[in-house]
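Novice: Just the structure for this:
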Amino acid sequence: MGNVKTGYVAILGKPNVGKSTLMNTLLGQKLSIITNKPQTTRKRILGILTEENYQIIFLDTPGILEPAYLLHEKMMEHVENSVKDADIVILMLDINADPDGIQTLQDDYVYKFLLKTKKTKILLLNKVDLTSQEHTKLLIHKLEASASFKEIIPISASLGFNVSSVLSAILEYLPEGPKYYPDDIVADANERFFVSEIIREKIFELYKEEIPYSCEVVVEDFKEREDSKYFIHGEIVVERETQKAILIGKQGAAIKRLGETARHDVEDFLQHPVYLELRVKVREKWRSDENMLKSFGYTPDKD
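Specialist: Down below sits the predicted model:
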């Protein structure tokens, strides 16, 4: 057995470029929730890939954006802290939405978080399945001239195309050192966190417009019962009574559908039958309330 390599790899990018899909693909299982809407990821999600001679701790981060309110500022703190913690920083670019790379690489906030750091940087051109090989080659040639990145790799995270090349590049630059986590650990968050994320994912899938962005999910009660269904009580926090009414729906039809859809995925995740109870509460302007955001876990830990 050779020397062991261990380190943190932060995955950065603008909203909806495929960061969560990449981490899930690299891990071979779903940890980060995925929807087709931007700003799905709000906190950094830690996923651990361990083999005999290496351990990679991935940090899936919120999409980089200009903050519009306090919640966004807290999300960007998670990005900033992830860059500080990382040994390697991956920037993902959606080659379909940003065919020249200009929107990403000239974005002030991307520059702030990424391009000033002296950490090893790898650029991934994602969703190459949606464009031509010729365009991909031209963009790689253009970006190589910047010399900001150790590697530029074209991938399709959703199809798994070239993801093995990403892993190889990470291992090349990963520092040697002892493993930080036991070999059988794949995440550092508890089951309550992942259950709340699953419920939030279903809100993104089932509701439109501002509703998903106005919701926070808190698992208030989680009782494990070996001989019967686990009991889980989740609270969905919204900002206005009108949003509460939409979430619940006529005669409770919408929230019933949400509960059934979420329960199915929660049971898959926990590998145990679940009784899921959902309630909706109104907390005005929670996205701009420091204390509420702290209680929801949006204040990153200070090292």
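
Novice: buried set for the helix of greatest length in the chain?
Specialist: The residue-count maximum for a helix in the chain (DSSP state H) belongs to helix 253-270. Neighbour counts over helix 253-270 (16 or more other Cβ atoms under 10 Å) mark 254-255, 258-259, 261-263, 265-267, 269-270 as buried. (C-beta placed from N, C-alpha, C; glycine too.)

Novice: same deal with stretch 86-101?
Specialist: For stretch 86-101, burial by neighbour count (16+ other Cβ under 10 Å) applies to 86-95, 98, 101.

Novice: With secondary structure, pLDDT and distance to residue 172 as added columns, please give the residues you listed in TSV.
Specialist: Formatted as TSV, the buried residues of stretch 86-101 follow (DSSP: H, G, I helix; E, B strand; the rest coil; pLDDT from 0 to 100; distance: Cβ to Cβ, whole Å):
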residue	secondary structure	pLDDT	distance to residue 172
86	coil	97	16
87	coil	97	12
88	strand	97	10
89	strand	97	15
90	strand	97	13
91	strand	96	17
92	strand	96	19
93	strand	95	21
94	strand	95	25
95	coil	94	23
98	coil	91	26
101	coil	89	23
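
Novice: now, among these, which is nearest to residue 143?
Specialist: Closest approach to residue 143 among these (Cβ to Cβ): residue 101, at 6.0 Å.

Novice: rewinding a little: between the buried residues of stretch 86-101, which sits nearest residue 137?
Specialist: Residue 137 lies nearest to residue 95 out of those, by Cβ to Cβ, at 11.4 Å.

Novice: ok, the closest one to residue 14 distance?
Specialist: Applying Cβ to Cβ, to the nearest Å, the value for residue 95 to residue 14 is 13 Å.

Novice: before we move on, back to that, restrict the longest helix of the chain to CA atoms and write it as CSV.
Specialist: Extracted in CSV, the C-alpha atoms of helix 253-270 (Å, rounded to 0.1, in the frame of the first residue of the first chain):
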residue,chain,number,x,y,z
ALA,A,253,-54.7,18.5,-1.3
ALA,A,254,-51.4,20.1,-2.1
ILE,A,255,-49.7,19.4,1.2
LYS,A,256,-51.0,15.8,1.2
ARG,A,257,-49.4,15.3,-2.2
LEU,A,258,-46.2,16.8,-0.9
GLY,A,259,-46.2,14.6,2.1
GLU,A,260,-46.8,11.4,0.1
THR,A,261,-44.1,12.3,-2.4
ALA,A,262,-41.5,13.2,0.3
ARG,A,263,-42.3,10.2,2.4
HIS,A,264,-41.5,7.9,-0.5
ASP,A,265,-38.0,9.4,-0.9
VAL,A,266,-37.4,9.6,2.9
GLU,A,267,-38.2,5.9,3.2
ASP,A,268,-35.8,5.2,0.4
PHE,A,269,-33.1,7.2,2.2
LEU,A,270,-33.7,5.8,5.7
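
Novice: okay, and for this protein, where does confidence drop off?
Specialist: For the chain, the stretches flagged by pLDDT under 70 are 1-2, 147, 300-303.

Novice: quick one, domains of it?
Specialist: Domain ranges of the chain: 5-173, 191-295, per automatic domain parsing.

Novice: and stretch 219-229, how far apart are its ends?
Specialist: Using Cα to Cα, to the nearest Å, the end-to-end distance of stretch 219-229 comes to 16 Å.

Novice: For that stretch, which outside residues touch it?
Specialist: 191-193, 195-196, 230-235, 272-275 (Cβ atoms under 8 Å, 6 or more residues apart in numbering).

Novice: Go through these and flag which are in strands.
Specialist: 230-235, 274-275 (DSSP state E).

Novice: Which parts of the stretch 1-150 of the chain are helices?
Specialist: Counting by DSSP state H, counting those that start in this stretch, the stretch 1-150 of the chain has helices at residues 19-27, 70-85, 102-105, 108-110, 133-144.

Novice: Which one of the domains of the chain lies nearest to residue 185?
Specialist: Closest among these, using Cβ to Cβ: domain 5-173, at 5.7 Å.

Novice: and stretch 10-19, how far apart are its ends?
Specialist: Stretch 10-19 end-to-end distance (Cα to Cα) = 10 Å.
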